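A.B. asks: Got a predicted structure here, sequence first:
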Amino acid sequence: MAKIFQETARAGMTRVVEPVARGLLRAGVSPNAVTVTGTVGVLVGALGFGARGQLVAGALIVTFFALTDMLDGTMARMSGGSTRFGAFLDSSMDRVADSAVFGAVAYWLATEGNHSGVAAALICLAAGGLVSYVKARAEGLGMSGNVGVAERTERLLIVGVGGLLTGLDVGPALEISLWLLAAVSIFTVGQRVAHVYRQAHLVGRE
């Protein structure tokens, strides 16, 4: 059910993103430029606003620029496919942005004395890195690891909604979203490890 929802949401976003992607390509903007711009935008939202406790502005800015992760990929596909450097840059910038988001959240929660929230943010940071690493390592070994319920966009949206609600004084929404995200991220790591194990086991039988 979660996978169906993800695919439906992504299909809806694609209908919005594609016209923007075409327009940027016609204007001479490269996918790599969009990748870097998106990362800079996330850094501004996370470090310039979120870390200072301006959660509504930070969440909105981070969420907006996080969606460029779909935009640059769509642009690359439309222009003939991603280059190897483009794929490398995209993956590297994703890690920079993710580290800024969860580092900023952990910092702000620490200033508020919310040790439980800090722990959840650090687990999210570590587990999010593992989600990406397991997939990359599997692909490096000739297998696939693109499964699981917590893809990068979903992870940023969850923490973004939590930050927005907390900024609007809707209870401890950020802390709750972080613990939820920590759980689904760890679950996703398990899903990917199991998926790779099944592939490796199948190859071993052949």
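C.D. replies: Arrived safely.

A.B. asks: Would you map the helices across the protein?
C.D. replies: For the chain, the helices defined by DSSP state H occupy 2-26, 31-43, 55-66, 68-78, 84-111, 115-140, 152-167, 173-205.

A.B. asks: is it possible to export the ones you listed to TSV including distance to Asn146?
C.D. replies: (Glycine included, C-beta is placed from N, CA and C.) Formatted as TSV, those follow (distance: least, Cβ to Cβ, whole Å):
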stretch	distance to Asn146
helix 2-26	11
helix 31-43	19
helix 55-66	19
helix 68-78	13
helix 84-111	13
helix 115-140	6
helix 152-167	12
helix 173-205	8
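
A.B. asks: For Phe49, find the nearest of these.
C.D. replies: Nearest of the helices of the chain to Phe49, taken as Cβ to Cβ: helix 55-66 at 3.6 Å.

A.B. asks: Would you mind pulling the contact partners of the closest one?
C.D. replies: For helix 55-66, the external contacting residues (Cβ atoms under 8 Å, 6 or more residues apart in numbering) are 37-42, 44-46, 48-51, 97, 101, 104, 108, 153, 156-157, 160-161, 163-164, 166-168, 174.

A.B. asks: and these, which are buried?
C.D. replies: With burial judged by 16 or more other Cβ atoms under 10 Å, the buried subset of those is 37-39, 41-42, 44-46, 49-51, 97, 101, 104, 108, 153, 156-157, 160, 163-164, 166-167, 174.

A.B. asks: related to what we said a few turns ago, make JSON lines out of the helices of the chain and add mean pLDDT.
C.D. replies: Below are the helices of the chain laid out as JSON lines (pLDDT from 0 to 100):
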{"stretch": "helix 2-26", "mean pLDDT": "68"}
{"stretch": "helix 31-43", "mean pLDDT": "93"}
{"stretch": "helix 55-66", "mean pLDDT": "92"}
{"stretch": "helix 68-78", "mean pLDDT": "85"}
{"stretch": "helix 84-111", "mean pLDDT": "93"}
{"stretch": "helix 115-140", "mean pLDDT": "93"}
{"stretch": "helix 152-167", "mean pLDDT": "89"}
{"stretch": "helix 173-205", "mean pLDDT": "91"}
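
A.B. asks: check contacts around the residue lying closest to Asp94 once chain neighbours are set aside.
C.D. replies: Leaving aside its sequence neighbours, Asp94 sits nearest to Arg152 (Cβ to Cβ, 6 or more residues apart in numbering; 6.1 Å). Counting by Cβ under 8 Å, 6+ apart, Arg152 makes contact with 69, 94, 98, 128, 131-132.

A.B. asks: Quick check: the gap between the residue most central in space within the chain and Phe187.
C.D. replies: Residue closest to the mean C-alpha point of the chain, counted by Cα atoms, centre = their mean, is Arg152 at 2.6 Å. According to Cβ to Cβ, to the nearest Å, Arg152 stands 15 Å off from Phe187.
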